[in-house]
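*Asks:* Sharing a model prediction with you, sequence too.
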Amino acid sequence: MPRPLPILDLSSWREGDAASLTRIAAEAGAACRDVGFFYVAGHTVDKDLISAAFEQSRRFFALPLIEKQALAIEKIGGNRGYSGMLHEALDPGRGPDMKEAFNVGLEIAPDDPDLLSGQPFRSLNAWPSLPDFRETMLAYYDACAALSARLHRAFARDLGLEPDFFADKFDRPMATLRLLHYPAPPAGSEPRTGAGAHTDYGNVTLLATDDVGGLEIRARNGEWIEAPVVPGAFIVNIGDCLMRWTNDVYVSTPHRVGNRSPRRRYSIAFFYDPNPAAMVETIPSCLQRGEPVRYPPILAAEYLRQRLDASKPAAVRPALA
């Protein structure tokens, strides 16, 4: 029987307290080496902000389809905007995913030099005409980015690095806040794949869910286990970029989503991807004596582009950058 996912409680972690950083780093590192998934409780993301983000998500997905399609990801670019039902196939062998999503990226100004020079994954966000939607999502984005950056201080300490090792690689990240809606299966029908088995692309994912459940994780023995909802806690998992940086010291674990409930399922994922120009290459402290480097260096933007393109059914594979 697989062990329950560990719970990392950050409530006693004080900035500048080396002892608490060392303790949190050891707990986070153990989880990252074992299953690559853990819960984070005692964080600083306000519960009322989380509730407001879910309410805005429900309002968005309740809009008429024509209004959502006006913000389609193919029109907006930069991995921002609306992705409709059956638009992605995270596990191509299982067919398209039964979900819809809305992506928010780093908020930049119209005169941002990266935007004007056509840098990859630099686009303006698109916003629906919903009161307080933009303000709520940007506040939630910033709170998740701050928590992700803090977790990276623990990862760095665990890996034998200075705590700020990752800071300059995430000061203008390709992080994406993704609202997700999984419809309830029709009565009497078999549930369809909400999100096919996959690993995430960036460094870490922070996932907040409603109480419907449906996330499953593939344990080391190949068994699929459900990740139960822990009220007030984020589900955190390691993505492929961090696995590459650590030369497989940290584990990026396959997971999937199926909605077997008669209710709709809503979740909000925050994908913490590096700066576009960050070079993802093996950290020397992660190499054991005589062990080969498992992955060639690659720019973070190029890696994300490859993975996003591969997730699209053939009929909807535009360039996303």
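*Replies:* Sure thing, it's come through.

*Asks:* Could you give the separation of the host helix or strand of Glu135 from the chain centroid?
*Replies:* Using DSSP states H and E, Glu135 maps to helix 133-158. For helix 133-158, the separation from the chain centroid amounts to 11 Å (computed by C-alpha atoms, centre = their mean, to the nearest Å).

*Asks:* Report the angle between whatever helix or strand comes next after it and helix 133-158.
*Replies:* Remark: after helix 133-158, the chain's next helix or strand is strand 176-182, criterion DSSP H and E. For strand 176-182 against helix 133-158, the angle by axes from the mean of the first three to the mean of the last three C-alpha atoms, to 10 degrees is 110 degrees.

*Asks:* just the angle between whichever helix or strand comes after strand 176-182 and strand 176-182, please?
*Replies:* Moving toward the C-terminus from strand 176-182, the next helix or strand (DSSP H and E) is strand 193-198. Note on geometry: by the same axes, to 10 degrees, strand 193-198 and strand 176-182 are set 130 degrees apart in direction.

*Asks:* For strand 193-198, which strands pair with it and how are they oriented?
*Replies:* Strand 193-198 has its sheet partners listed here by DSSP bridges as strand 255-258 (antiparallel).

*Asks:* Other residues contacting the strand it pairs with?
*Replies:* 37, 90-91, 99, 182, 191-199, 214-218, 224, 227, 237, 265, 267 (C-beta atoms under 8 Å, 6 or more residues apart in numbering). Just so you know, the C-beta spots here come from the backbone N, C-alpha and C atoms, and that holds for glycine as well.

*Asks:* which stretches of the protein form helices?
*Replies:* For the chain, the helices defined by DSSP state H cover 18-34, 47-61, 65-69, 73-76, 113-116, 133-158, 240-245, 300-310.

*Asks:* Ok, which of those comes nearest Met174?
*Replies:* Nearest to Met174, of all those, is helix 300-310, at 6.0 Å by C-beta to C-beta.

*Asks:* Can I get the closest one as CSV, trimmed to CA atoms?
*Replies:* Taking Å, rounded to 0.1, in the frame of the first residue of the first chain, the C-alpha atoms of helix 300-310 are listed here in CSV:
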residue,chain,number,x,y,z
ALA,A,300,13.5,27.1,-20.7
ALA,A,301,11.4,28.8,-23.5
GLU,A,302,12.4,26.2,-26.0
TYR,A,303,11.6,23.3,-23.6
LEU,A,304,8.2,24.8,-22.8
ARG,A,305,7.4,25.3,-26.5
GLN,A,306,8.2,21.7,-27.3
ARG,A,307,6.1,20.3,-24.5
LEU,A,308,3.1,22.6,-25.2
ASP,A,309,3.1,21.7,-28.9
ALA,A,310,3.2,18.0,-28.1
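
*Asks:* Thanks a lot, see you next time.
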